[in-house]
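*Asks:* Fold the following, please.
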Amino acid sequence: MTDFTWRSESDEPAPASLAEVDDQLKADEALKRVRKGEFLKYGGTFQNAKQLLSAMSRRLPEPPPSKTPLDAFRAERRARHLEHQTLSRLVVGLDDQYRLQLHKAPDVSLICRQLWGKAESPLTVVPLKTLLGMQGASEWRRKGMVVPGLEGKLIPHYGVYVPTRTEYVELIRTLPDVEGRSVIELGTGTGILSFILLQRGARSVLATDLDPRAVICARENSQQLSLAERFTVIESVAWPEATADLIVCNPPWLPEPAKNRIDRAVFDENHQFLLAFLEGLEAHLTPGGRGVLILSNLAVLLGLRPEAWLQSQLDRLSLEIESTAQVAATHGKARDVDDPLHAARSKEVTTRFVLKRKA
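*Replies:* Numbering: from 1, shown residues only. Below you'll find the model as predicted:
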């Protein structure tokens, strides 16, 4: 079986071949086969496919105990990468209408069309784990989500970072001197920070994101929140050719390589995105304008970034901190004592830095 469209969120190459399996396959045998490099195309019952995936996941090794937060972080990333590589080899097929080729399967056709458009071939093959993630995210999209500080519901799209963490939202909600300001936001995602600023009286927002899914998501949200007349979003990895009174950036907070497209909201290899913001800030501010950087200290707590790193970059670029505000982490992992990174996450603080040119 070679004539199919392959869908993966990790830019992995398409399988050279697929082995047909069904409800008779046991988890131990499935793990043995995928570890040898096989891709297993499930053809049984949907519920049994989910149970097999879950049973395979439970058999994967847990990260070993670590002496330092950095060791724990490295071990956790290796374990999650192994989990992804292993479980993504259990795949399912969709027909030319994106109907799932499993018995008693739910209707996933709308979810797939929203993400991929019209089917490109009679058969689409996708990891079951990915499809289940899409199915879960579709509930956010169907119901919308309430975000503190936003008037109206936000409609997230699959593959775009969902603002379930509210620390950075709170720091934008309480930012002073917003009314009447023009705004640029770099890395807008769903657009949540831009929308809160607009609802608080910002004159206009020009937002950017490198991911076309985020651009579509933010644009559609601006329309359903009746903010589209003052909100523009463009797909770009570079600065827009514009200046603004406020330039806002909530960059990915860990300076490590991203392993898939969803990772890009969390991982910023070698601080590339953060440095691009800092280095372009002065040239894109109007006279008297301010930069607003929202940054977690988790990278410092994990040993991925020296504590003095940010100040050294500001000194190099002749920028200074006008004011700061902080919010302690309130997300679930900060309170989970069983989390491998609890020692660091329990101390995490997100800071809003208001930046200006040095006098």
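*Asks:* Just the residues contacting stretch 206-216, thanks.
*Replies:* Stretch 206-216 is contacted from outside by 115, 157-160, 182-191, 194, 218, 231-237, 239-240, 242, 244, 261, 264, using C-beta atoms under 8 Å, 6 or more residues apart in numbering. Backbone N, C-alpha and C define where each C-beta goes, glycine included.
*Asks:* Counting neighbours, which of the residues you listed end up buried?
*Replies:* Buried residues within the contacts of stretch 206-216, counting neighbours by 16 or more other C-beta atoms under 10 Å: 115, 157-160, 182-191, 194, 218, 231-233, 239-240, 244, 261, 264.
*Asks:* In a strand, Ala276, correct?
*Replies:* No - assigned with DSSP: H, G, I helix; E, B strand; the rest coil, Ala276 falls outside any strand and is helix.
*Asks:* Past the lengthiest helix in the chain, which element shows up next along the chain?
*Replies:* Counting by DSSP state H, the longest helix found in the chain is helix 69-87. Counting by DSSP states H and E, the next helix or strand C-terminal to helix 69-87 is strand 90-94.
*Asks:* Average pLDDT for that next one, rounded please.
*Replies:* In this model, strand 90-94 has an average pLDDT of 97.
*Asks:* elements contacting it?
*Replies:* Judged by 3 or more C-beta pairs under 8 Å, 6 or more residues apart in numbering; DSSP states H and E, strand 90-94 is in contact with strand 40-42, helix 46-58, strand 124-127, helix 128-143.
*Asks:* elements contacting the second one?
*Replies:* If contacts are counted by 3+ C-beta pairs under 8 Å, 6+ apart, helix 46-58 sits against helix 27-35, helix 69-87, strand 90-94, helix 128-143.
*Asks:* what's next to the last one, contact-wise?
*Replies:* When you say that, I think you mean helix 128-143. 7-9, 42, 49-50, 53, 84, 87-88, 90-92, 100, 106, 108, 110-112, 114-115, 153, 155-159, 162.
*Asks:* Which members of those residues are classed as buried?
*Replies:* Counted by 16+ other C-beta under 10 Å, the contacts of helix 128-143 give 7-9, 42, 49, 53, 84, 87-88, 90-92, 100, 108, 111-112, 114-115, 155-159, 162 as buried.
*Asks:* quick check, Thr232 in a helix?
*Replies:* No - looking at Thr232 with three-state DSSP, it is strand, so not inside a helix.
*Asks:* surely it meets Ala218?
*Replies:* No - using C-beta atoms under 8 Å, Thr232 is not in contact with Ala218; the gap is 9.8 Å.
*Asks:* Helices of the stretch 251-359 of the chain, residue ranges please.
*Replies:* Assigned by DSSP state H, counting those that start in this stretch, the helices in the stretch 251-359 of the chain fall at 272-284, 298-302, 309-316, 332-335, 342-345.
*Asks:* Looking at these, which is nearest to Ala19?
*Replies:* Between Ala19 and those, the shortest gap by C-beta to C-beta is with helix 332-335, which sits at 36.8 Å.
*Asks:* tell me the mean pLDDT over that closest one?
*Replies:* 79.
*Asks:* Same question for stretch 312-321.
*Replies:* Here the average pLDDT along stretch 312-321 is 97.
*Asks:* So what touches it?
*Replies:* So stretch 312-321 is contacted by Leu275, Leu278, Glu279, Leu281, Glu282, Gly291, Phe353, Val354, Leu355, Lys356, Arg357, Lys358 (C-beta under 8 Å, 6+ apart).
*Asks:* Count the residues that sit near the second one.
*Replies:* For Leu278, the neighbour count with other C-beta atoms under 10 Å is 21.
*Asks:* Would you enumerate the residues in contact with it?
*Replies:* Leu293, Gln313, Leu314, Leu317, Leu319.
*Asks:* What ranges in this protein fall below the confidence cut-off?
*Replies:* Scanning the chain for pLDDT under 70 picks out 1-2.
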